[in-house]
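Trainee: Predicted model and sequence follow; I will ask about them next.
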Amino acid sequence: MKKTWSNLILLGIVISLAACSTAKKTNYTDEEIALMHKRVESKSIYIDAKWASPLATQSLNSIANAGMLPPGSSINRIDLYGTSSFLEINGDSVSAELPYYGERQIGGAYNSNNVGINFDGKAENMNMTYIPKRNAYDIEFSIANETEVFNINAVLFPNNNVAVNINSSQRLTIKYQGVLKEN
């Protein structure tokens, strides 16, 4: 009986190790990787945001419970279909129009129509780093508009998927998932 239990435990360990070692590794084509390198080197990048992932807070939960989120959305993943949501890099100039879901830590202006993350100007401290292990580019920069400073981190993958993380001087962090489009 003890031998049966020890064999079952050993079998469980072997299966667990086999499952861990068969994690899916994404293989990209040489053409996809070359196109990504070309886009980054030319600094001509247009990101079409498809999903927003704000920090889940009690106030955002209250909004979701009131049914105020778009259909098919949850407080962790909000569908941006039908909105003009983008982040664009042209040389050292960057611009963005992204909706913001989350908490603002410092009050905005009265009667402000500009409640999203909007900026247009020259990026500060832009750094584009290729990460061979992930076959991805990590792009970091800062930019300010009239009232706040944004620190942007975007990760570009050869299959045109992009993850963007935005930290603001006045708002809680928000992440966007999107796709690269022709500029």
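Mentor: Cool, the structure landed.

Trainee: Now do the longest strand seen in the chain, average pLDDT.
Mentor: As assigned by DSSP state E, the longest strand anywhere in the chain is strand 44-54. On average, the pLDDT along strand 44-54 is 95.

Trainee: Can you tell me which helices and strands that strand packs against?
Mentor: Packing contacts for strand 44-54, counted by 3 or more Cβ pairs under 8 Å, 6 or more residues apart in numbering; DSSP states H and E, involve strand 78-79, strand 86-90, strand 161-168, strand 174-181. Just so you know, the C-beta spots here come from the backbone N, C-alpha and C atoms, and that holds for glycine as well.

Trainee: Kindly reformat those strands as JSON lines and extend each row with mean pLDDT.
Mentor: Shown next, in JSON lines, are those (pLDDT from 0 to 100):
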{"stretch": "strand 78-79", "mean pLDDT": "94"}
{"stretch": "strand 86-90", "mean pLDDT": "96"}
{"stretch": "strand 161-168", "mean pLDDT": "96"}
{"stretch": "strand 174-181", "mean pLDDT": "95"}
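
Trainee: Throw those into a markdown table and include mean neighbour count, thanks.
Mentor: Listed next are these as a markdown table, based on neighbours: other Cβ atoms under 10 Å:
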| stretch | mean neighbour count |
| --- | --- |
| strand 78-79 | 18 |
| strand 86-90 | 19 |
| strand 161-168 | 18 |
| strand 174-181 | 19 |
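
Trainee: beta partners of Asn153?
Mentor: Asn153 has these beta-bridge partners by DSSP bridges: Glu140, Asn165.

Trainee: can you pull the pLDDT of it?
Mentor: At Asn153, the model reports a pLDDT of 97.

Trainee: Begin at 49 from now on, thanks
Mentor: Let's use 49 as the start, then, which means that last one is Asn201.

Trainee: how many neighbours does it have?
Mentor: Using other Cβ atoms under 10 Å, Asn201 is surrounded by 15 other residues.

Trainee: gap between it and Ser107?
Mentor: According to Cβ to Cβ, to the nearest Å, Asn201 and Ser107 sit 25 Å apart.
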